[in-house]
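Asker: give me coordinates for this.
(one chain, ligands or ions: 1)
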Amino acid sequence: MNKTELLTFLNHIGARPKKGLSQNFLIDQHILHKIVQLADVGSQDFILEVGPGPGALTQQLLKTGAHVVAVEKDALFAEHLMRLQTADQRLEVVSADFLKWRLPQSSHKWKVVANLPYNITTPILEKICMHANCFHSITIMVQKEVADRICAKPKTKAFGSLTLFLQFYMRYIDSFLVLPHCFFPAPTVDSTVLRLDMRAPPAVDPVPLFQIIHKTYQQRRKMIATTLRPSFPNIVKVLTDSNISPMARPEELSLNDWIRLFDVLVLKHA
Ligand code: SAM
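Answerer: Below you'll find the model as predicted:
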């Protein structure tokens, strides 16, 4: 769908892009093609698309022969896509808020392929992580700044609890940049398409681990020892025993450092 086709379509169904639903539609065929290529979609795949909108990416996905479940919150777009569903048995359109939608039980793993609504990127990623064993990979368009945070290295400004949370469940495969003119309406920010594959998560309970990580990141300029001392009076010894500087600040610790620290802190000193 190029810009003229999109405008004709929006006019035809009486829709206007809604800012509140982050409706910035892709109008660049080359980018649509590159997303499907990066996601490595084939006819045996089961795809979950969050926010299909007018369906440009959906149609590109269907061309591969894959099965596609497309979850759209905007009832007007969902209604239109249901017409496509009648013509193509491999498409299932769900008119729902993805964040409230119950993931269907199935024997296959999903590949998520989506140009995400940017205003709810983090809750969408959290939901996917909470059901990590249902997914094979995610190939998603996000704000470049969010992609930079996801891929950040320790001791950089972008590195944070979101980086650690996603690294717990996924590993980075590849990415490419998408400029604002590839969308209508053009967003004010650059975008990145990112592919992450699910990995076997570390053998640690993520709930208490991330409670501790979040607590320290709430005061990211403070030393970990200062933030955690009220709950763990022996924190300086634990840091030393874990081969971590007692002066360390949260962004200096990689996921492996946190897991090592957690192991000593909670399991051996319980
Ligand atoms: N896939 C289309 C494309 O690439 O042109 C549209 C992408 S647009 C950035 C985001 C889409 O997500 C919109 O169609 C919007 O209505 C939809 N959306 C927003 N919030 C949603 C939610 N909570 N659940 C499902 N879809 C949502």
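Asker: flag the shaky bits of the stretch 151-270 of the chain, pLDDT-wise.
Answerer: Under the criterion pLDDT under 70, the flagged ranges of the stretch 151-270 of the chain are 268-270.
Asker: so what's the closest residue to the ligand within it closest to, chain neighbours aside?
Answerer: Closest contact between the stretch 151-270 of the chain and the ligand, by C-beta to the nearest ligand atom, is at residue 183 (7.4 Å). In short, each C-beta sits where N, CA and C put it, glycine included. Of all residues not flanking residue 183 in the chain, residue 24 sits nearest, at 4.3 Å (C-beta to C-beta, 6 or more residues apart in numbering).
Asker: try residue 126
Answerer: residue 165 (7.5 Å).
Asker: what of residue 248?
Answerer: Looking at residue 248 with C-beta to C-beta, 6+ apart, the closest residue is residue 224, at 5.5 Å.
Asker: just to revisit the earlier point, could you list every residue that touches the residue nearest to residue 126?
Answerer: 125-126, 129, 206, 210 (C-beta atoms under 8 Å, 6 or more residues apart in numbering).
Asker: which ones among the residues you listed map onto helices?
Answerer: The helices, defined by DSSP state H, take in 125-126, 129, 206, 210 from those.
Asker: now do the same for residue 142: helix, strand or coil?
Answerer: With DSSP: H, G, I helix; E, B strand; the rest coil as the basis, residue 142 sits in strand.
Asker: tally of neighbours for the residue nearest to it when sequence neighbours are not counted?
Answerer: Excluding the flanking residues, the one nearest residue 142 by C-beta to C-beta, 6+ apart is residue 121, at 5.3 Å. By other C-beta atoms under 10 Å, the residues close to residue 121 number 19.
Asker: for residue 225, list the residues it contacts.
Answerer: Contacts of residue 225 by C-beta under 8 Å, 6+ apart are 235-236, 239, 246-248.
Asker: cool, residue 178 as well?
Answerer: Shown in contact with residue 178 (C-beta under 8 Å, 6+ apart): 28, 31, 141, 190-193.
Asker: which single residue of this structure ends up nearest the ligand?
Answerer: Closest point on the chain to the ligand, by C-beta to the nearest ligand atom, is residue 51, at 2.1 Å.
Asker: do you know the pLDDT at the residue most central in space within the chain?
Answerer: Nearest to the geometric centre of the chain sits residue 125, at 3.8 Å (C-alpha atoms, centre = their mean). We have a pLDDT of 97 for residue 125.
Asker: my read: it touches residue 166, true?
Answerer: Yes: between residue 125 and residue 166 a contact is recorded at 6.5 Å, counting by C-beta atoms under 8 Å.
Asker: flag every residue of the protein that's near the ligand.
Answerer: 21-26, 50-53, 56-57, 71-74, 77, 97-99, 115, 117, 120 (C-beta under 6 Å from any ligand atom).
Asker: buried among those? Make that a ChimeraX selection.
Answerer: Restricted to buried positions by 16 or more other C-beta atoms under 10 Å, the ChimeraX selection for the residues of the chain next to the ligand reads:
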select :21,22,23,24,25,26,50,51,52,53,56,57,71,72,73,74,77,98,115,117,120
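Asker: the residue nearest to residue 142 in helix, strand or coil?
Answerer: Judged by three-state DSSP, the three-state class of residue 121 is helix.
Asker: contacts only, for it.
Answerer: Contacts of residue 121 by C-beta under 8 Å, 6+ apart are 142-143, 146.
Asker: and it, how far from residue 32?
Answerer: Counting by C-beta to C-beta, to the nearest Å, the separation of residue 121 from residue 32 is 20 Å.
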